[in-house]
Structure formats: C-alpha cells, structure tokens
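Asks: Could you look at this predicted model? Sequence included:
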Amino acid sequence: MGFKTEWPMTTGRAPIPNAANIVWIVWVVLIPVVYFAGVALLRRQFRQERAPKPDPYTSLETSPRESMNPQRRY
C-alpha cells in the first residue's frame, strides 16, 4: 500500500503504524457489507409498501355506524 512506502519517503516522517492497515481493511470490508445489506433491506421495504393496507375506517369489532354513536354495553 502506498502509505507504507510513499508516506515515509515523501514526508520524511516515521512509517505509519499497523493500525492504519487494520482501519483500511475494516473500511474496505465494512462499506460493501453495509451497502449490500441496505440494498437487501430496501427491496424488503418496497415489498412491504406495495402490500395493501387495511382500511383505517373499518374495524373488525364495530361497524362504522356503531363507532359514530358510542354507547356502553353491559
């Protein structure tokens, strides 16, 4: 990698520690994994949004007429 050889020659500073290699490898692996996980979840989200939604004005427990005129039942 360029920062192992070119950095010390160009700047005259000490070589970069091995932590830079670890950060680079994590970055190169993590970004594609997160990207493709997002693509997979995006397809799932599109599928869920495409599904028909229940009508919020109808209820399984009461009819619309009963919900307009609420009375207690014992």
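Replies: Thanks, I have the structure now.

Asks: Check which helices and strands the longest helix along the chain is in contact with.
Replies: Ranked by residue count and defined by DSSP state H, the top helix of the chain is helix 19-50. Helix 19-50 makes packing contacts with no helix or strand when contacts are defined by 3 or more CB pairs under 8 Å, 6 or more residues apart in numbering; DSSP states H and E. Heads up, the C-betas are built off the backbone N, CA and C, glycines and all.

Asks: pLDDT (mean, whole number) over it?
Replies: Summarised as a single mean, pLDDT over helix 19-50 is 91.

Asks: Any buried residues in it, and which?
Replies: By neighbour count, with 16 or more other CB atoms under 10 Å as the criterion, helix 19-50 contains no buried position.

Asks: ok, the residue most central in space within the chain to Leu30 distance?
Replies: If you average the C-alpha coordinates of the chain and look for the closest C-alpha using CA atoms, centre = their mean, you land on Gly38, 5.1 Å from that point. From Gly38 over to Leu30 the distance is 12 Å, taken as CB to CB, to the nearest Å.

Asks: Thr10 now?
Replies: Following CB to CB, the distance that separates Thr10 from Leu30 is 28 Å.

Asks: Please apply the same query to Pro54.
Replies: According to CB to CB, Pro54 stands 39 Å off from Leu30.

Asks: Same question for Ala20.
Replies: On the measure of CB to CB, Ala20 and Leu30 end up 15 Å apart.

Asks: cool, Pro52 as well?
Replies: Distance, Pro52 to Leu30, by CB to CB: 37 Å.

Asks: Could you do Pro56 as well?
Replies: According to CB to CB, Pro56 and Leu30 sit 41 Å apart.

Asks: before we move on, what about Asn21?
Replies: Taking CB to CB as the criterion, Asn21 is separated from Leu30 by 14 Å.

Asks: Phe36 now?
Replies: Here the distance between Phe36 and Leu30 works out to 11 Å (CB to CB).
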